[in-house]
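1. Build the 3D model from these lines:
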Amino acid sequence: MVMTRDALLNQKGGVAKTTTTLHLGGTLAAAGRKTLLVDMDGQGNLTTGLKLERLNPKGELTLARAMLEGCDQEAAHSLVRRHSENLYVIPSALDLFTLPRHLHSARSSEERLAWVLELLQDEFDHCLVDCRPALDIDTDNVLRWADHVLIPVDVDEFSIEALELLLAQVHTLVTETRTAPPHYRGLVINRIDKPFSKFHQKVYDTLHALPLPVVGEIPLRTVVAEAKNKGMTISQYEPKADVARMFHDLAVKAGYLPETPAA
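-> Reported below is the predicted structural model:
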């Protein structure tokens, strides 16, 4: 088993990054792929969205502690919680809020996430890391580990600026560390609410004109919020919904799943 390693990144908040991670992961799990989701945000929206408990820094190993103190394979496995068939999660914990401060003084500070997740390399088909909205050493850790980057955006002028900053950070990290750049799977345009105003149509057209391909377009749908309220992915809650098909199309277009042969 060769695990694909993906970072879902955007320092701009409100672009449905966690929603993308959750439902894309659910789509892969429904397709029979053993999938691990990693909640790197101290707010823990991915964790609570799947109705899982946050890890307790005072009573159990957390991802932040594993990154700072090191761990073996058994300890790495102890971080993982099973949500449902083929879908697993490393939950959030409050000590992720202070992790960047501690990492700055740590040896090989940009390698710490890789040290943990590589212990799980042979256990899963896919690993998707949901990053907090920031450009800091957390992001550097994810970028040093990931082979692929998927970027959720929304139809907002600040998405263009945020994307430029993110690409600049990736370039700087690659240059400074002399590592190969990650492969960009493309952009996922979220929270689409048509018909567009002239302003939003201009932003939408600009996103499509960028060098990175648009691999998915996900509209606002009440059923997505309903699934989250139940702690389920859209593939579990309403697999015949149009938005479930859109997440499947995203998985195909972004290269996670093969195209379904025509009947």
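
2. remind me which residues of the stretch 1-150 of the chain are low pLDDT?
-> The stretch 1-150 of the chain contains residues with pLDDT under 70 at 1.

3. Can you list the residue ranges for helices in it?
-> Using DSSP state H, counting those that start in this stretch, the helices of the stretch 1-150 of the chain run over 17-30, 45-49, 63-69, 73-78, 99-103, 112-117, 137-145.

4. Sort out which residues of the fifth one are buried, please.
-> Pointing back at helix 99-103 there. Residues of helix 99-103 classed as buried by neighbour count (16 or more other C-beta atoms under 10 Å): 99, 100, 102, 103. Yep, even glycine has a C-beta here, placed from its N, CA and C like the rest.

5. Can you verify my assumption that the third one contacts residue 65?
-> Spelled out, that is residue 102. No - using C-beta atoms under 8 Å, residue 102 makes no contact with residue 65, being 9.9 Å away.

6. Can you give me the distance of residue 203 to residue 158?
-> Going from residue 203 to residue 158 by C-beta to C-beta, to the nearest Å gives 9 Å.

7. Compare the two (neighbour count), which wins?
-> Between residue 203 and residue 158, counted using other C-beta atoms under 10 Å, residue 203 has the larger neighbour count: 20 against 14.

8. which residue ranges form the strands in the stretch 51-200 of the chain?
-> In the stretch 51-200 of the chain, the segments counted as strands under DSSP state E, counting those that start in this stretch are 81-84, 87-90, 126-130, 148-154, 183-192.

9. Send over the third one as CSV, restricted to the C-alpha atoms.
-> What it means is strand 126-130. Output of strand 126-130 as CSV, limited to C-alpha atoms (Å, rounded to 0.1, in the frame of the first residue of the first chain):
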residue,chain,number,x,y,z
HIS,A,126,-4.9,8.2,1.5
CYS,A,127,-4.0,10.8,4.2
LEU,A,128,-5.6,14.3,4.0
VAL,A,129,-4.4,16.9,6.4
ASP,A,130,-6.8,19.8,7.3
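
10. Other residues contacting it?
-> 3-8, 17-18, 21-22, 24-25, 28, 33-41, 46, 113, 117, 120, 142, 145-146, 256 (C-beta atoms under 8 Å, 6 or more residues apart in numbering).

11. how about 7 Å then?
-> Applying C-beta atoms under 7 Å, 6 or more residues apart in numbering, the contact partners of strand 126-130 are 3-8, 17-18, 21, 24-25, 28, 33, 35-41, 46, 117, 142, 146, 256.

12. Report the mean per-residue pLDDT for stretch 248-263.
-> Average pLDDT, stretch 248-263: 85.

13. who's in contact with that stretch?
-> If you take C-beta under 7 Å, 6+ apart as the criterion, stretch 248-263 is touched by 24, 27, 28, 31, 126, 150, 185, 186, 188, 215, 216.

14. at 6 Å instead, please
-> Residues external to stretch 248-263 that are found in contact with it (C-beta atoms under 6 Å, 6 or more residues apart in numbering): 27, 28, 31, 185, 215, 216.

15. can you check stretch 108-121 too?
-> Contacts of stretch 108-121 (C-beta under 6 Å, 6+ apart): 3, 66, 67, 73, 76, 103, 140, 141, 144, 145.

16. In the residues you listed, which residue is surrounded by the most others?
-> Using other C-beta under 10 Å as the neighbour test, these are led by residue 141, with 27 neighbours.

17. Quick check: the gap between it and residue 104.
-> Taken as C-beta to C-beta, the span from residue 141 to residue 104 is 12 Å.

18. hmm, back to that, among the helices of the stretch 1-150 of the chain, which is the most enclosed?
-> helix 17-30 (a mean of 27; mean count of other C-beta atoms under 10 Å).
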